[in-house]
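> dropping a prediction and its sequence here:
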Amino acid sequence: MKIGIVTSFNEKLYKYYAHRFLESYNLPFNLHIYHEGWIPEDFPLRDNIHYHNIMAGKNGNQLKKFIQRIKERNISSTEEGRPDKIIQGANYKMDAIRFAYKVFAKTDLMLHETEKTNYDYVFWMDADIVFKKFFDAKVIVEKFLPSEYHISHIHRPTYYSECGFVGYNLRHWETKMFVKKFRHMYTSMSFAREEEWHDSYLFDVVRKKCEDVDGLKSFNLAPYIRKVGNPWPNTPMSEYMDHHKGKARKDAGEMLP
């Protein structure tokens, strides 16, 4: 089974928190990092870590076109050039640009396959995740994404899904159809008709449509969650990784209550 991991960060985010992701990465799977023209010089090259400039090529052109088309209507929730500086009171739910990079990164990896990136499973992991225990393909199939399901995610019944960790079983056409439709929300600008513009909300919009139309089968990584707060401790991933979601955890560099 061929498994790939994908994430994204720029220089500012690497220095802020993503260095912990990279330093702790201890998995046997290929890691694909989408960057903005800068890669860390203080981290040794490794055969299973691959860097991609998200602003280059066709993918970069589509991302830049997207940013140009929405920037006048976009609500920035962080200070320009300072992703660690949250603008108090800004509506992050309408900050399409901030959260678009992860969508363009992971869909590019899954839709533009090469001999080296033709994966059976791909997992998006936010760069504020820190690895603490080794796991292999057996754990992935048993705990993170059983083979009969198409995608896995952290579902929150009273809120949008937590998409810091999402699995894609690319051996099924339903999964590839979902990925194509998700990316199309951005390249067609149809996302702008939705009530919220961030990736987690739009993920749910596309997921629900694909479940109804294409028979997409989703595996819930937090089936017992009944609240909005941090769901990570109630997922199978918590045994193997910490997710420093939110500014307080990123600033502290550790899991907080």
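That came through fine. This one's a predicted model, so the numbers in the text were calculated from it and none came from an experiment. Numbers count the residues shown, from 1 in each chain.
> residues of the lowest-mean-pLDDT helix or strand in the chain that come out buried?
Scoring the helices and strands of the chain by mean pLDDT, DSSP states H and E places strand 82-86 at the bottom, with a mean of 78. The neighbour-count check on strand 82-86 (16 or more other Cβ atoms under 10 Å) flags P83 as buried. For glycine as for every other residue, the C-beta is placed from the backbone atoms N, C-alpha and C.
> what's the spacing between that strand and its chain's center?
19 Å (Cα atoms, centre = their mean, to the nearest Å).
> with just CA atoms, put that strand into PDB.
Written as PDB, here are the backbone C-alpha positions of strand 82-86 (Å, rounded to 0.1, in the frame of the first residue of the first chain):
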ATOM      1  CA  ARG A  82       2.200  37.900  10.200                       C
ATOM      2  CA  PRO A  83       0.200  34.600  10.300                       C
ATOM      3  CA  ASP A  84       0.800  34.500  14.100                       C
ATOM      4  CA  LYS A  85      -1.000  37.800  14.600                       C
ATOM      5  CA  ILE A  86      -4.800  37.300  14.700                       C
END
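> other SSEs contacting that strand?
If you count contacts as 3 or more Cβ pairs under 8 Å, 6 or more residues apart in numbering; DSSP states H and E, strand 82-86 packs onto helix 11-13, strand 78-79, helix 247-252.
> in the first one, what's buried?
Using 16+ other Cβ under 10 Å as the test for burial, helix 11-13 gives K12, L13.
> which strands or helices does the helix or strand following that helix pack on?
Following helix 11-13 in sequence order, the next helix or strand is helix 19-24 (DSSP states H and E). Using 3+ Cβ pairs under 8 Å, 6+ apart, the elements in contact with helix 19-24 are strand 129-131.
> note down every partner strand of the strand it packs on and its orientation.
Applying DSSP bridges, strand 129-131 is found paired with strand 241-243 (antiparallel).
> what's the distance between the residue nearest to the spatial centre of the chain and V213?
In the chain, the C-alpha nearest the mean C-alpha coordinate belongs to W124, at 4.3 Å (Cα atoms, centre = their mean). Separation of W124 from V213 (Cβ to Cβ, to the nearest Å): 23 Å.
> after the host helix or strand of E211, which helix or strand is next?
Element membership for E211, per DSSP H and E: helix 199-213. The C-terminal neighbour of helix 199-213 among helices and strands, as given by DSSP H and E, is strand 218-220.
> what's that following strand in contact with?
L145, P146, Y149, H150, I151, S152, H153, I154, H155, G167, R207, E211 (Cβ atoms under 8 Å, 6 or more residues apart in numbering).
> now swap in stretch 76-85 and tell me
10, 12-13, 16, 86-87, 90-92, 95, 97-98, 247, 250-251.
> mind redoing it with 7 Å?
For stretch 76-85, the external contacting residues (Cβ atoms under 7 Å, 6 or more residues apart in numbering) are K12, L13, Y16, I86, I87, A90, N91, Y92, D95, R98.
> so who does I39 touch?
Contact partners of I39, counting by Cβ under 7 Å, 6+ apart, are Y51.
> could you look up the SS state of it?
When classified by DSSP: H, G, I helix; E, B strand; the rest coil, I39 comes out as coil.
> what do you get for T7?
strand.
> now it. Nearest residue, chain neighbours left out?
Take T7 and drop its neighbours on the chain: the residue closest to it by Cβ to Cβ, 6 or more residues apart in numbering is A127, 4.7 Å away.
> after the strand of greatest length in the chain, which helix or strand is next?
Taking DSSP state E as the criterion, the chain has its longest strand at strand 162-169. Next helix or strand after strand 162-169 toward the C-terminus (DSSP H and E): helix 173-187.
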